[in-house]
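Peer 1: pasted the sequence and its predicted model underneath.
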Amino acid sequence: MRRRLAVTVLVAGLGALVAAASARAYVRSHTSKDNSPLAWRGSCAYLIPDSAYTPDVSSDEVSAAIHDSVSTWNSTGCSYFTLKIDPPEAGGDATMERPVGKNFIVFRRDSWCPPDPTEPCYDSSATALTTVFYIDKPGDPHNGQILDSDVELNNVDFAFTVDGTRPPGSGSKTVADIQNTLTHELGHLLGLDHTCYDGWNPCEAGGRCKANNLACQTEDDCIPLDDHGQRIPRCSDVLSTEVTDATMFNYAQALDTSKRSLSQDDVDGICGIYPVAQDPGSCSRVDTSGADGCAASAGRATPGGGLLLLLALVAALFVARRRA
Ligand SMILES: [Zn+2]
């Protein structure tokens, strides 16, 4: 199973989000079948920058921004989880429709659509999105385990910068800060969700929430809960600064750099999922050997059938992993 989460640039309108009193709280991502929280099971994950980078800034500048984003999540002092950076590889976008155990960071320059042409294109207002592959198997001890997570940056509709200057040749594209964008996306990669609800989980006919299968009578029943068990606010509500100041807040303004650093809410989130005292002490790459054959089948899936095939793929991976 996979889930895509995007950050959207909000060019105007944040001024309307007046501070309101509310407790600070973070939100975790969950499985689709039984709403179990997602997490990596080892002590680390390896990231691979796509070697094509972006034409907007130098590869050294991108590398530095990736390093700084990673360092931010690695430096909380209360989380055991460590993000590591592997050398860049070419062709990351060709592998993002399946969990191959390579967590790519890719600037999408030619198209802002999934590599699978049968799927609709992404929202052009999204600066970036992260696709998380995880085991979606209620009752299984590995249920909720993240296998693979890929970050795509929208270089079709946005130009990227590291210092606030507009890249030459970027025309009228909205300019986004790489480190700001990546720090937010890495939060998703680690298992965190947005701090306000923007309508991705409607209550469907049959009385089940679309994205997590909870029983529902209205959409309110499908709104995620924070770590205190409280329903998170709708993004259209008057939002507290705890919600809007978080790196995991859904929206960013052009040239925003506020998400480069974590709020206390984000720190509480990463340390709630991966507290130092519970370090499993095992840092290795996820074994997804045997994925290629199944992935070829998933790639040929017709619309509507792709999900089942992908779930079958994840199940197959699970078996393969246990054999390893
Ligand atoms: Zn996001």
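Peer 2: Structure received.

Peer 1: wait, isn't residue 282 in contact with residue 81?
Peer 2: No. Residue 282 is beyond contact range of residue 81, at 11.7 Å (criterion: CB atoms under 8 Å). From N, CA and C alone the C-beta is placed, and that goes for glycine too.

Peer 1: who touches both of these two?
Peer 2: Shared contacts of residue 282 and residue 81, defined by CB atoms under 8 Å, 6 or more residues apart in numbering, are found at residue 43.

Peer 1: in terms of neighbours, single out the busier of these two.
Peer 2: Taking other CB atoms under 10 Å, residue 282 and residue 81 do not tie; residue 81 has more neighbours (24 against 9).

Peer 1: show me what contacts that one?
Peer 2: Contacts of residue 81 (CB under 8 Å, 6+ apart): 40, 43-45, 73-74, 190, 270, 273-274.

Peer 1: for the protein, give me the ranges with low pLDDT.
Peer 2: Along the chain, segments meeting pLDDT under 70 span 1-3, 5-24, 95, 98, 287-324.

Peer 1: how is it partitioned into domains?
Peer 2: As assigned by automatic domain parsing, the chain contains the domains 2-196+236-278, 291-323.

Peer 1: those domains: which one's closest to residue 219?
Peer 2: Taking CB to CB, domain 2-196+236-278 is the member of the domains of the chain nearest to residue 219, at 12.4 Å.

Peer 1: what about the strands in the stretch 51-200 of the chain?
Peer 2: Here the stretch 51-200 of the chain has its strands, by DSSP state E, counting those that start in this stretch, at 82-85, 103-108, 126-134, 146-154, 158-161, 174-177.

Peer 1: out of the ones you listed, nearest to residue 32?
Peer 2: Set against residue 32 and scored by CB to CB, these come closest in strand 126-134, at 9.2 Å.

Peer 1: helices and strands around the closest one, which ones?
Peer 2: Secondary-structure packing of strand 126-134 (3 or more CB pairs under 8 Å, 6 or more residues apart in numbering; DSSP states H and E): strand 2-9, strand 146-154, helix 178-190.

Peer 1: out of those, which comes closest to the ion?
Peer 2: strand 2-9 (4.0 Å; CB to the ion).
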